[in-house]
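Visitor: Let me see the structure of the following:
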Amino acid sequence: MVELKNEKIAIPVVLFAGLLWSFGPLVVRHMDNPQLVPWQYIFGRGLTIFIILNFYLYFEEGINFYKNYKKIGKSGIIGGCGLGVAMISFIYSITNTTAAITLLCLAAMPFFTAILAYLFLKEKISYNVWISIFLAAIGIITMAIGNNEKNTIIGFLFGVISSIGFSVFSVTLRWRKETPKFTTVAIAGLFCFVFAAIILLVTKQSFFSTSYNSSMFSLHGILVCFGLILYSIGSKAIPAAELTLLSLTEVIGGIFWVWLPIFGINEIPSTNTIIGGFFLFISLVYYSLIMRWNKRHIALN
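Guide: A predicted model of the protein is given here:
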């Protein structure tokens with residue numbers, strides 16, 4: 001795998017990865033009635049992720065890349081399924097509420113990860129991290145209180161489930177660090193398109209939407225994959241503090257693109273969403289500073 005050791009080069013690479021991910025909500029908003037074809041979306045996006053990541057692994061490791069699947073073990077299966085649930089929940093969240101709420105729920109992932117790691121891996125949570133979690137909880141509750149419409153609440157709940165699913169994936173990587181990360185993500189893609197295929201067969205629906213929608217499903221999968229590859233290349237050279245802050249580009253960018261009138265959506269966040277987002281932003285900055293003091297590094301490899 002290509003590996004950057006120069007932080008000055010790695011930072012823009014990771015920023016660009018977050019930028020690619022941030023276009024995901026915009027792609028969903030430009031689909032034709034995505035709320036009517038969620039399983040076709042999940043099938044198309046999952047299949048795209050599975051194919052691209054396996055091609056990437058083939059070019060990186062050669063014909064023996066498939067041996068990674070023998071190494072995933074229980075942690076890789078649980079992590080892949082958790083990530084798959086996160087991907088499934090994402091579409092139900094963003095089609096039932098604003099992009100801002102969905103993305104801000106995802107921004108709370110570090111705190112859900114800390115709690116799950118405490119419960120299942122017995123990792124201690126410091127006093128300062130509890131403060132960050134408390135601030136994040138205020139932000140999440142503020143968003144929930146300010147969005148009491150039926151569909152919005154459903155979207156909010158799916159956003160929280162999606163964030164927890166991503167956290168399960170993160171915790172399984174900590175549980176068994178030698179688990180091949182990209183293979184686990186490929187398992188998530190496999191989980192999505194197999195599960196979606198079963199649902200589509202049982203409900204006797206078509207596997208594909210319109211050609212336009214199908215291309216948008218694949219486009220979103222491509223954005224996820226290429227962002228993930230760039231993120232992995234730059235992440236080893238960047239301290240966890242900076243990496244956590246750089247990941248905010250996905251959230252901020254995603255909210256900005258769907259608001260920017262030139263893209264034809266003009267989705268304006270509510271006041272409570274902005275206030276809740278502010279608390280989440282403060283908690284993430286505080287959390288990042290704590291990680292910087294601890295001089296921890298994280299990477300996806």
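
Visitor: now the residue of the chain positioned farthest from its centre: how far from Leu36?
Guide: The C-alpha centroid of the chain is most remote from Lys204, which lies 29.7 Å away (CA atoms, centre = their mean). Per CB to CB, to the nearest Å, Lys204 is found 15 Å from Leu36. Bear in mind the C-beta positions are built from the backbone N, C-alpha and C, glycine included.

Visitor: do the same with Ser283
Guide: 36 Å.

Visitor: Can you pick out the residue with more neighbours from the two?
Guide: Ser283 (25 against 12; other CB atoms under 10 Å).

Visitor: Wait, that one touches Val129, no?
Guide: No: using CB atoms under 8 Å, Ser283 is not in contact with Val129, being 9.9 Å away.

Visitor: Got the confidence number for Tyr231?
Guide: pLDDT, Tyr231: 82.

Visitor: Pull the CA coordinates from the helix or strand where Gly80 lies and hand them back as CSV.
Guide: Using DSSP states H and E, Gly80 maps to helix 73-94. Extracted C-alpha coordinates of helix 73-94, given in CSV (Å, rounded to 0.1, in the frame of the first residue of the first chain):
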residue,chain,number,x,y,z
GLY,A,73,-12.1,-14.1,12.0
LYS,A,74,-15.0,-13.3,14.3
SER,A,75,-14.0,-9.6,14.7
GLY,A,76,-14.0,-9.0,10.9
ILE,A,77,-17.4,-10.6,10.5
ILE,A,78,-18.9,-8.6,13.3
GLY,A,79,-17.2,-5.4,12.2
GLY,A,80,-18.3,-5.9,8.6
CYS,A,81,-21.9,-6.6,9.6
GLY,A,82,-21.8,-3.5,11.9
LEU,A,83,-20.6,-1.4,9.0
GLY,A,84,-23.2,-2.9,6.8
VAL,A,85,-26.0,-2.0,9.2
ALA,A,86,-24.5,1.6,9.3
MET,A,87,-24.7,1.8,5.5
ILE,A,88,-28.3,0.5,5.5
SER,A,89,-29.3,2.9,8.3
PHE,A,90,-27.7,5.8,6.4
ILE,A,91,-30.2,5.8,3.5
TYR,A,92,-33.2,5.5,5.8
SER,A,93,-31.9,8.4,7.9
ILE,A,94,-31.1,10.8,5.1
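
Visitor: Could you report the neighbour count for the closest residue to Leu190 other than its chain neighbours?
Guide: Among residues not flanking Leu190 along the chain, Phe50 sits closest, at 5.1 Å (CB to CB, 6 or more residues apart in numbering). Neighbours of Phe50 under the rule other CB under 10 Å: 22.

Visitor: my guess is Phe50 contacts Val194, does it?
Guide: No: taking contacts as CB under 8 Å, Phe50 lies outside contact range of Val194: 9.4 Å.

Visitor: Could you pull up the residues touching the residue nearest to Leu190?
Guide: Applying CB atoms under 8 Å, 6 or more residues apart in numbering, we find Phe50 in contact with 186, 189-190, 193.

Visitor: now do 10 Å
Guide: Phe50 makes contact with 185-194, 221, 225 under the criterion CB atoms under 10 Å, 6 or more residues apart in numbering.

Visitor: Show me the shaky parts of the stretch 101-250 of the chain.
Guide: Within the stretch 101-250 of the chain, the stretches with pLDDT under 70 are 146-151, 235-236, 238-245.

Visitor: 90 instead?
Guide: In the predicted model, the stretch 101-250 of the chain carries pLDDT under 90 at residues 106-111, 113-114, 117-118, 121-133, 135-137, 139-153, 169-182, 208, 227-250.

Visitor: For this protein, which segments count as helices?
Guide: Here the chain has its helices, by DSSP state H, at 7-22, 24-29, 38-61, 73-94, 99-107, 109-120, 127-145, 150-175, 181-202, 211-235, 240-246, 248-259, 271-294.

Visitor: Please name every helix or strand in contact with the fourth one.
Guide: I take that to be helix 73-94. Where contact means 3 or more CB pairs under 10 Å, 6 or more residues apart in numbering; DSSP states H and E, helix 73-94 is packed against helix 24-29, helix 38-61, helix 99-107, helix 150-175, helix 181-202, helix 211-235.
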